[in-house]
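S.K.: got a predicted structure plus its sequence, pasted below:
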Amino acid sequence: MSDSNLNPQPLPPQQQPQYSQPGAPAQPGWNVLAIVAFIATFFISILGIILGFVALSQIKRTGEQGRGLALAAVIIGFIALALGIIFSIIIFAAIASSGIQYQTS
């Protein structure tokens, strides 16, 4: 009786499952309203201010990226609005003073 399995080959060692480090949580995307507010603030500053505040509120609630853009939209919007008001006052004052000088001469 010839038994060919007298010298069995050792079984390969059981491999333990490899556990990897959990990946970093997926970064939430950019808040679209923050991007729109930043672009809109260069054309219509009041719209940029409003959209910037709404975007900041959404970012605070959802944790999306874009807080800097929304903040920049609000700041740039307020600066542009203030400069527009100042220039309007200067222009109206110049027109009024030139009208007064025209009538007296």
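M.R.: Everything's here; your move.
S.K.: show me the shaky parts of the chain.
M.R.: 1-8, 12, 17, 19-20, 22-26, 101-105 (pLDDT under 70).
S.K.: spatially central residue in it, please.
M.R.: The residue lying closest to the centre of the chain (C-alpha atoms, centre = their mean) is Gly66, at 1.6 Å.
S.K.: roughly how far does it sit from Phe42?
M.R.: Distance from Gly66 to Phe42, counting by C-beta to C-beta, to the nearest Å: 17 Å. No exception for glycine: its C-beta is placed from N, CA and C like everyone else's.
S.K.: equivalent analysis for Ala70, please.
M.R.: 14 Å.
S.K.: need the nearest residue in space to Gly63, chain neighbours excluded.
M.R.: Sequence neighbours aside, Pro28 is the residue nearest to Gly63 in space, at 5.5 Å (criterion: C-beta to C-beta, 6 or more residues apart in numbering).
S.K.: who are the contact partners of the one you found?
M.R.: 62-65 (C-beta atoms under 8 Å, 6 or more residues apart in numbering).
S.K.: again, only using 10 Å
M.R.: 59, 62-66 (C-beta atoms under 10 Å, 6 or more residues apart in numbering).
S.K.: can you tell me which of the residues you listed is nearest Ser88?
M.R.: Proximity of the contacts of Pro28 to Ser88 (C-beta to C-beta) peaks at Gly66, which lies at 31.6 Å.
S.K.: what helix or strand is the residue nearest to that closest one when sequence neighbours are not counted on?
M.R.: Once flanking residues are discounted, Gly66 sits nearest to Ala34: 3.4 Å by C-beta to C-beta, 6+ apart. Under the criterion DSSP states H and E, the helix or strand holding Ala34 is helix 32-40.
S.K.: restricting to C-alpha, output the helix or strand following that helix in CSV.
M.R.: Next along the chain after helix 32-40, taking DSSP H and E as the criterion, comes helix 45-62. Output in CSV follows, covering the C-alpha atoms of helix 45-62 (Å, rounded to 0.1, in the frame of the first residue of the first chain):
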residue,chain,number,x,y,z
SER,A,45,-22.6,95.2,-4.7
ILE,A,46,-26.0,95.0,-2.9
LEU,A,47,-26.7,91.6,-4.4
GLY,A,48,-23.2,90.4,-3.4
ILE,A,49,-23.7,91.4,0.2
ILE,A,50,-27.1,89.7,0.4
LEU,A,51,-25.9,86.5,-1.3
GLY,A,52,-22.7,86.5,0.9
PHE,A,53,-24.7,86.6,4.1
VAL,A,54,-27.0,83.8,2.9
ALA,A,55,-23.9,81.8,1.8
LEU,A,56,-22.3,82.3,5.3
SER,A,57,-25.5,81.0,6.9
GLN,A,58,-25.5,77.9,4.7
ILE,A,59,-21.8,77.2,5.2
LYS,A,60,-22.3,77.4,9.0
ARG,A,61,-25.1,74.9,8.8
THR,A,62,-23.7,72.5,6.3
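S.K.: since that was my last question, I'll sign off now.
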